[in-house]
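[1] I would like to see how this sequence folds:
(chains A and B)
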Amino acid sequence: MKMSMTKRAARVAALATAGALALAACTPGGDAADDGAATDAATDGGGAEGTVTVWHYFSDPQQVALMDKYAELAEAANPGMTVDNVFVPYDQMNSQLISAAGAGQGPDVVIFNGAETSTIALAGALAPLDDLWGTFADADQFPDSVIHTVDGTMYAVQGYVNLLGLWYNQDILDEIGVQPPTTIDELESAMAAAVAAGHGGITLSGLPNSQGEWQGFPWLSAEGFTYENPSAQALEAGLTRVSNWVEQGWLPQEAVNWDQTVPFQQFAAGGFAFAANGNWQQGTAEADADFTYGVVPLPLGDSGQVYLGGEGAGIGANSANPELAWAYLTSSYLSFEGNLAAADLVGSLPARADAGQHDSVTSNELLKPFAETITMFGAQYPSAAIPAEAVADVQLRMGQAWSAVIGRQHSPADAAHTAMTALEGLLG
Amino acid sequence: MATMTSGRHGIIRVGRRPGRDRGDVRAQRNSLRRTVFLVPGIALLGLLGVYPLIQLVWMAFHRVTSATINSGPWEWVGLDNFVQGFQLGETGPAITRTLVVVAIVTVFGMVGGFAAAVALRTSGWWSSALLALMVFVWALPPVVNGSVWKFLLSDNGLVNAIVMALGRSTPIPFLYDTNWALLSVAFVGAFAVIPFNALVFRAALLAVDPEIFEAAALDGVNRWGEVRHIMMPSVRPTSLVLLVLTMVYAFRSFDFIFVMTYGGPGTATNTLPFLGFLQAFARFNFGYGAATSVLAVIVVLVLAVIYARSIRKEEA
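    Residues are numbered from 1 along each chain as shown, chains lettered A, B, ... in the order given. From the prediction side, this is the model:
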């Protein structure tokens, strides 16, 4: 086994779903029956016939395999159902959904960035799920943190949670004689040592869009920045820190051109000591990394926060057969087997309580640090302090500030000032 | 002047020979037929060209967001969307960047296209094959073209590998330095338009009577003399049209920026079209994005008028 065991958690029970449940103060529903949930799901959707069109933006082979697995599960549970998976590029998903809704069209089911629920729902592209959710026998398996509502109406639900952790190259750490960092000072010392030894420091995304905002938020929050109480000083401090990383040569300035896939490929190639990246990279690590690696929670101090992200699933507002779409969701994406498939194929943390307590999840050493992160730093994504209509705007502006500092377009002070000016108008 | 009266078979011109009358009827029928054939084209143009343009302008004067785009009525805000862009400091810098891109693409596109046309002026198989290859590159989807260039210009890409092999100690930050990034996307835009310009210039050069070159050779004119005194004057009418087309192409610069930098680092490569895209499709403020796009459309319309006048002048 390639993975380092140095961060074995003392508590085997500190699992992903447990963390998610703790955060959401949600009541887990009953015992962790390994196969009972699937039966319920099948019953919910049994007898449904017809074609379900599912829009998604996955291009990674493992994620595509997961969509295929969902189709297989749904078709097996619903004789007569045919699933048609349709790829829509990430950057075009929202605009296509909005324009389709304007024309009275759209998919039966859409798998999208859960954080963008408000943008899509406000445009009338998603159907309310409250009634269907009320009839779902396994609804109590899901914590509140994975339910996406807009103005009190439920529009989407996540079948799993994705978040960031600190991946490390154990071979490089052994060479420079350091342990996986638990504080930001330790991380910076380790990066300095790695660079001095001829390696790269850390990889992350500095793209000027929502991916940059997603990646930057933990480091900004570590300095005390929040959307609930935005502080220019805290924002500048966070931006100054990452600016220093670039100046010291620990973080490549080229990160401004990297989405979240590229920096992990760079890490997996073996040239960098660390990568701030997600649990969904597990498959890529297993396939590409020719070195010993492991994961620890991001070292974010007392105030740090890590977004609890992941894809939301919703039913298209113009679906010809919402019941069939719901049958698809309950027998695949939201089912027990579907949750386990997401963990197995992609490394996502199951949202269901019963799936989170399954052996295949609890014995996965790579998922444990992410589960710990949920309890230590887990934060709602997007922040409830951001008005629904302003979510996309805030993400872009903050992503641009993050990118501007890494790319040396603006000083941390100027970037913080520009971002704060924008936030004042957007946060109300 | 002939008078007209109505007959069983339609309008008949009185006082003319029967043959000519039949010709007139045929001409009118042909005209009617042409009109019928024009209808679908005009309808499509109106539906896909004019109507969206009217909608765009209408949107630019309203508050249109993801919450209101599919429900009405939209709130009238007058010029607010236009003013805000300047007040927030987004539109002004974007216009400046757009002008830089237009200048680079136009100069390199025109000079490069003409140089390539001169080099490939002959009509042999190899020049045709090379031109076909260039046109293939030109016809590649910008997403593919941009992705290849993004790879070539990265720190580990071919261009930097060559630069480093020549003795430079660090890679050139083609796509992640504020100034380099804008220059790089403009350069790629210019590179992509050179094949088309070369093709048009070459067509103009091939129309020059070969005897002129022979006469010039007999007079002892060298290669540069041929270029200056024969080729450049020969392509002057074409150049004006091509210049406007190239400027319109450069002004629309969007695809390569989307693929190669996404407007970054920060906002360093946000040109006017890309800014409009971000406002409309990343921030979902469609009214705001429409206002920025209207500014771009106005410039393109001005260039289109210049283009139309140039064409008319060339055909005169």
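[2] make it CA atoms for all contacts and neighbour counts henceforth
    Will do.
[3] residue contacts, the residue in chain B that chain A sits nearest to?
    Taking CA to the nearest CA, chain A has its nearest neighbour within chain B at B:Gly266, 3.7 Å off. By CA atoms under 8 Å, 6 or more residues apart in numbering or on different chains, B:Gly266 lies in contact with A:208, A:399-405, A:407, A:409.
[4] list the buried ones in stretch A:181-200?
    For stretch A:181-200, burial by neighbour count (16 or more other CA atoms under 10 Å in any protein chain shown) applies to A:181, A:187-188, A:190-195, A:199-200.
[5] for the stretch 151-300 of chain B, which residues are neighbours of chain A?
    Selection of the stretch 151-300 of chain B residues close to chain A by CA under 8 Å from any CA of the partner chain yields B:154-155, B:173, B:175-178, B:260-268, B:281-284.
[6] in the stretch 1-150 of chain B, mark out all the strands, start to finish.
    Secondary structure of the stretch 1-150 of chain B (DSSP state E, counting those that start in this stretch): strands at B:3-7, B:10-14, B:62-63, B:75-76.
[7] neighbours around B:Ser123, how many?
    B:Ser123 sits with 10 neighbouring residues when counted by other CA atoms under 10 Å in any protein chain shown.
[8] that one: what's it in contact with?
    Applying CA under 8 Å, 6+ apart, the residues near B:Ser123 are B:Leu206.
[9] picking up where we left off before, how close does the nearest residue to the residue of chain B closest to chain A once chain neighbours are set aside sit to B:Ile95?
    Once flanking residues are discounted, B:Gly266 sits nearest to A:Ala404: 3.7 Å by CA to CA, 6 or more residues apart in numbering or on different chains. Using CA to CA, to the nearest Å, one gets 19 Å for the distance from A:Ala404 to B:Ile95.
[10] more neighbours, the two?
    More crowded of A:Ala404 and B:Ile95, by other CA under 10 Å: A:Ala404, with 30 against 20.
[11] now name the helix or strand holding the more buried one.
    helix A:391-406 (DSSP states H and E).
[12] and that helix, what does it pack against?
    Applying 3 or more CA pairs under 8 Å, 6 or more residues apart in numbering or on different chains; DSSP states H and E, one finds that helix A:391-406 contacts helix A:117-122, helix A:210-221, helix A:232-248, helix A:412-427.
[13] among those, which comes closest to chain B?
    In terms of CA to the nearest CA, the element of the helices and strands packed on helix A:391-406 nearest to chain B is helix A:117-122, at 4.5 Å.
[14] quick one: average confidence on the closest one?
    If you average the pLDDT over helix A:117-122, you get 94.
[15] same check, this time on stretch B:180-191
    Across stretch B:180-191, the average pLDDT comes to 96.
[16] and for stretch B:114-127?
    In the prediction, stretch B:114-127 has an average pLDDT of 87.
[17] low pLDDT regions in the chain?
    All of this is about chain A. A:1-48 (pLDDT under 70).
[18] you looked at the wrong chain, it should be chain B
    Under the criterion pLDDT under 70, the flagged ranges of chain B are B:1-21, B:314, B:316.
[19] run the last query once more with 50
    For chain B, the stretches with pLDDT under 50 are B:1-15.
[20] selecting buried members of the contacts of B:Gly266 in PyMOL, what would you type?
    Of the contacts of B:Gly266, the buried ones can be selected in PyMOL as follows, counting by 16+ other CA under 10 Å:
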select buried, chain A and resi 208+399+400+401+402+403+404+405+407+409
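[21] among the contacts of B:Gly266, give me the pair with the biggest separation.
    A:Gly399 and A:Gln409 (13.1 Å; CA to CA).
[22] before we move on, the earlier item: tell me the two of the buried residues of stretch A:181-200 that are most distant?
    Using CA to CA, the pair of those lying farthest apart is A:Pro181 and A:His199, separated by 16.9 Å.
[23] make sure A:Phe291 is actually in contact with A:Tyr168.
    No - using CA atoms under 8 Å, A:Phe291 makes no contact with A:Tyr168, being 10.2 Å away.
[24] could you say which helix or strand holds the residue positioned nearest the centre of chain B?
    In chain B, the residue lying closest to the centroid (CA atoms, centre = their mean) is B:Tyr249, at 2.8 Å. Element membership of B:Tyr249 [criterion: DSSP H and E] is helix B:236-251.
[25] residue of chain A closest to chain B, please.
    Nearest residue of chain A to chain B: A:Ala404, at 3.7 Å (CA to the nearest CA).
[26] ok, that residue - contacts?
    With contact set as CA under 8 Å, 6+ apart, A:Ala404 has these partners: A:208, A:410-411, A:415, B:264-267.
[27] if we use 10 Å, what do you get?
    If a contact means CA atoms under 10 Å, 6 or more residues apart in numbering or on different chains, then A:Ala404 has A:206-208, A:239, A:243, A:256, A:398, A:410-412, A:414-415, B:176-178, B:264-268 as its contacts.
[28] ok, A:Asn113 next?
    Neighbour list for A:Asn113: A:56-57, A:90, A:93-94, A:158, A:309-313 [criterion: CA under 10 Å, 6+ apart].
[29] partners of it in the sheet?
    Here A:Asn113 shows beta-bridge partners A:Glu311, assigned using DSSP bridges.
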